[in-house]
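1. Provided below for reference: sequence and predicted model.
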Amino acid sequence: MLLTRIKGPRDLDRLSQEELERLAAEIRTFLVDAVSKTGGHLGPNLGVVELTIALHRVFDSPKDKVLFDTGHQAYVHKLLTGRQDFAGLRTKGGLSGYPSRAESEHDVIENSHASTVLGWADGFAKANEVLGKEDHHVAAVIGDGALTGGMAWEALNNIAAAKDRPLVIVVNDNERSYGPTIGGLANHLATLRTTDGYERFLARGKDLLERTPVVGKPLYETLHGAKKGLKDFIAPQGMFEDLGLKYIGPIDGHDIEALESALQRAKRFSGPVIVHCLTQKGRGYEPAVKDEADRFHAVGVIHPDTGLPVSTDAASWTSVFADEMVKLGRERKDIVAITAAMLQPVGLKKFADAYPDRIFDVGIAEQHGATSAAGLASGGAHPVFAVYATFLNRAFDQVLMDVALHKCGVTFVLDRAGVTGTDGASHNGMWDMSILQVVPGLRLAAPRDAEQLRAQLNEAVLVKDAPTVVRFSKGVVGPAVPAVGRIGGMDVLRRPADEVTRPDVLLVSVGALAPMCLEIADLLDKQGISTTVVDPRWVKPVDEALAPLADRHRVVVTVEDNSRTGGVGSAVAQALRDAGVDVPLRDFGIPQRFLDHATRKEVMAEIGLTAPDIARQVTGLVAKLDGRYDSEPAAAVD
């Protein structure tokens, strides 16, 4: 096999064009076989095989910086830079599903949030200029979907300002981000895609006119002199050239020879260049090409021959939300939905099918989505903006200044909240409950099960004068966790087994961690420690009934699937101080560090967010209060 002979990018230099085509086919076979076993981003990588080969043939990584936006299209890059063991892809100790500086010097940036690469590229190009690195080049690959993000255009504005600073921007145009790319830019690129290029037109015209006696040659020169206007008419790439960016394309993104030629021309140019490449997401794998939803953007474990999942999961948090949104849409005509280029992943496809006039895909533009939602709310609608928890980070200013300041009734639904695991540091939704704590008037719900998700979503969309947030986990929704009572707005999930005047522990359970918190209570009970478990349901603001309840316990413990810094535990501690309740409090959550990719269970064990770990520490705290604890650790809790 040719692939096994590729230990680094320069090994590509020895291959003929015929061998390069064979290598591309081998890579596709390898990707389908490997990713079908582990799950991962299949469709995007099948689409960039030839493009990645051409990039590494033309540019000399790592001296030249080859950057990818987003990193989920970097599997081929990994293969060509010596990483061909995909057996542990996205698992603990295995390859990351994104570029990783810890893995290779060829992985320059680890950006797995879209639309950032051009900012990075601008910085690298400026550094080359300042430090006199004239023989260093920068090539940034950005998908057409990522070009819908505002950050990309802020960067283009700056890149274009330096007409003599070399930088190659490769637009990987597959008409999709997750699903089909939507919006004005998508329409413009479609025009470029479907119109005969200027160079082809001139070539045909020159041949015809030079055979025309007397007037042929002067007419050709006149037309060539009118290049700008003619180009806009024949191939309307003027949007890029008006910014001061030289444009090359469209190029067949699966023709290695054509790609190399275009990239070499771009590399030689002394200023910023856009190379527009047309690729097909899922190329070479029939099940992916036929998948109109997202061309196998991301898959679980599948049968490689059919593309069908090996096992069918039970109902997911996302599917529960999806069904409830359709119900809400049927009941209320003012309910509208917003997605940032992720219609299917966030569960809005059913709503879009049922109510196509009430769904808005803003592209990879979370900031715009939030402000547009404020406008919708002010205009009389109630928008539900569904987005991954980690991606809401990008729209914090808009949530604060546009939605909350204006008291707009907007509901944000945060999918993939908490530890998500296999996608690594950037995709853990571990910051939302910390970031949102500072937003005045905002109300935040963390449902513990499917029934509560439905109930709290319905409660959220009734709020007309403030932003509301409903956040839930990734994956399969757990079993129902019934309440045994209610105090204020909080559900009581467990009372002490024996009647005691002052129970030992008040355990505040946040969201989907309710089953684990009940397990903690069972472990404490075995140690003779009485425990009350409550689910606040709405964790912001802190329920007024919590402080007096805490005052009737000896210890308060909070457990959340969010950063400990500034999270629910911090908010509860502040509420207790404000109420003059002076009881010991321990907050358990995610430590303030970026978490490596692994399964959710492995990550939770690594950070000590498990029932035995927490029960052990709480046992020690209670023992200390009893005067039974000096310097020796508490007995282990099995």
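-> Noted; the coordinates are in hand.
2. burial measure for the closest residue to Leu442 other than its chain neighbours, as a count.
-> Of all residues not flanking Leu442 in the chain, Pro467 sits nearest, at 4.8 Å (CB to CB, 6 or more residues apart in numbering). No exception for glycine: its C-beta is placed from N, CA and C like everyone else's. By other CB atoms under 10 Å, 30 other residues sit near Pro467.
3. top helix in the chain by residue count?
-> Counting residues, the longest helix in the chain under DSSP state H turns out to be helix 17-38.
4. Identify all contacting residues around it.
-> 1-3, 6, 12, 15, 41-42, 45-46, 49-50, 53, 57, 75-76, 79, 84, 86-91, 254, 256-257, 283-285, 299, 301-304 (CB atoms under 8 Å, 6 or more residues apart in numbering).
5. Now, of those residues, which are buried?
-> The neighbour count (16 or more other CB atoms under 10 Å) marks 2-3, 6, 12, 15, 41-42, 45-46, 49-50, 53, 57, 75-76, 79, 84, 86, 89-91, 254, 256, 283-285, 299, 302 as buried among these.
6. per-residue confidence at the closest residue to Ala155 other than its chain neighbours?
-> Excluding its sequence neighbours, the residue lying closest to Ala155 (CB to CB, 6+ apart) is Leu118, at 3.4 Å. Per-residue pLDDT puts Leu118 at 93.
7. can you tell me which helix or strand Leu118 belongs to?
-> helix 117-130 (DSSP states H and E).
8. Name the next helix or strand following that helix along the chain.
-> strand 138-143.
9. Can I take it that Phe588 is in a strand?
-> Yes - assessed by DSSP: H, G, I helix; E, B strand; the rest coil, Phe588 belongs to a strand.
10. Skipping its backbone neighbours, what lies nearest it in space?
-> Nearest to Phe588 is Val559, by CB to CB, 6+ apart, at 4.8 Å.
11. Backbone dihedrals for that neighbour, both of them.
-> With angles defined as degrees, to the nearest 10, Val559 sits at phi -130, psi 120.
12. beta partners of it?
-> Judged by DSSP bridges, the bridge partners of Val559 are Ser509, Phe588.
13. That one: neighbour count?
-> Other residues lying near Val559 total 25 when counted by other CB under 10 Å.
14. how close does it sit to Asn393?
-> Distance of Val559 to Asn393, given as CB to CB, to the nearest Å: 23 Å.
15. starting at the chain centroid, how far to stretch 243-263?
-> The chain centre lies 28 Å from the centre of stretch 243-263; the measure is CA atoms, centre = their mean, to the nearest Å.
16. cool, and stretch 300-311?
-> 23 Å.
17. Stretch 611-630 now?
-> 39 Å.
18. And the helices in the stretch 151-300 of the chain, which stretches?
-> 184-194, 198-210, 216-225, 227-234, 238-242, 256-268, 286-289 (DSSP state H, counting those that start in this stretch).
19. Pick out the shakiest of these, pLDDT-wise.
-> helix 227-234 (a mean of 41).
20. just for the chain, where's the confidence low?
-> 111-112, 176-239, 312-313, 628-638 (pLDDT under 70).
21. what angle sits between the longest helix of the chain and helix 256-268?
-> 100 degrees (axes from the mean of the first three to the mean of the last three CA atoms, to 10 degrees).
22. Make 254 the starting number, not 1.
-> I'll keep to 254 as the first residue from here, and by that count the last item is helix 270-291.
23. How far off centre is helix 270-291?
-> Counting by CA atoms, centre = their mean, helix 270-291 comes out at 26 Å from the chain centroid.
24. which is the next helix or strand following that helix?
-> From helix 270-291 onward toward the C-terminus, using DSSP H and E, the following helix or strand is helix 296-299.
25. Convert the C-alpha atoms of that following helix to CSV, please.
-> Written as CSV, here are the backbone C-alpha positions of helix 296-299 (Å, rounded to 0.1, in the frame of the first residue of the first chain):
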residue,chain,number,x,y,z
GLY,A,296,-18.1,13.0,5.6
PRO,A,297,-15.9,16.1,5.9
ASN,A,298,-12.7,14.1,5.6
LEU,A,299,-13.8,12.1,2.6
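26. Which strands or helices does it pack on?
-> helix 270-291 (3 or more CB pairs under 8 Å, 6 or more residues apart in numbering; DSSP states H and E).
27. What residues of the helix it packs on count as buried?
-> 273-274, 276-277, 279-281, 283-285, 287-289, 291.
28. what would the residues you listed look like in a markdown table with distance to Trp791?
-> Formatted as a markdown table, the buried residues of helix 270-291 follow (distance: CB to CB, whole Å):
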| residue | distance to Trp791 |
| --- | --- |
| Leu273 | 58 |
| Glu274 | 59 |
| Leu276 | 56 |
| Ala277 | 53 |
| Glu279 | 54 |
| Ile280 | 50 |
| Arg281 | 49 |
| Phe283 | 49 |
| Leu284 | 45 |
| Val285 | 46 |
| Ala287 | 44 |
| Val288 | 40 |
| Ser289 | 42 |
| Thr291 | 38 |
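29. what's near enough to touch Ala519?
-> So Ala519 contacts 421, 499, 501, 526, 528 (CB under 8 Å, 6+ apart).
30. Kindly state the beta-bridge partners for the closest residue to the second one other than its chain neighbours.
-> Distance criterion CB to CB, 6+ apart; nearest residue to Lys499, sequence neighbours excluded, is Val526 at 4.6 Å. Residues in a beta bridge with Val526, per DSSP bridges, are Val421, Lys499.
31. count of neighbours near Val526?
-> Neighbours of Val526 under the rule other CB under 10 Å: 23.
32. Convert stretch 536-551 to CSV, retaining C-alpha atoms only.
-> Provided in CSV are the C-alpha atoms of stretch 536-551 (Å, rounded to 0.1, in the frame of the first residue of the first chain):
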residue,chain,number,x,y,z
ARG,A,536,-16.9,11.7,-1.6
GLY,A,537,-16.3,8.1,-2.6
TYR,A,538,-18.7,6.6,0.0
GLU,A,539,-22.1,6.0,-1.4
PRO,A,540,-24.0,5.9,1.9
ALA,A,541,-22.5,9.3,2.8
VAL,A,542,-23.2,10.9,-0.6
LYS,A,543,-26.8,9.7,-0.4
ASP,A,544,-27.3,11.1,3.1
GLU,A,545,-29.0,14.5,2.3
ALA,A,546,-29.2,15.4,6.0
ASP,A,547,-25.4,16.0,6.6
ARG,A,548,-23.5,13.6,4.3
PHE,A,549,-22.3,11.6,7.4
HIS,A,550,-20.8,14.7,8.9
ALA,A,551,-20.4,12.8,12.2
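33. how about that stretch: buried residues?
-> Buried, per 16+ other CB under 10 Å, within stretch 536-551: 536-538, 540-542, 544, 547-551.
34. what's it in contact with?
-> So stretch 536-551 is in contact with 278, 281, 285, 292-297, 299-300, 302, 325, 429, 431-432, 507, 533-535, 559-561, 597-598, 602, going by CB under 8 Å, 6+ apart.
35. Repeat that for stretch 767-784.
-> For stretch 767-784, contacts defined as CB under 8 Å, 6+ apart pick out 701-702, 731-732, 734, 746-747, 749-751, 753, 756-760, 762, 786, 788, 812, 863-865, 867-868, 871-872, 875, 888, 890.
36. one step back: what distance do you get for the residue nearest to Leu695 to Arg521?
-> Applying CB to CB to Pro720 and Arg521 gives a distance of 51 Å.
37. Great, nothing more from me.
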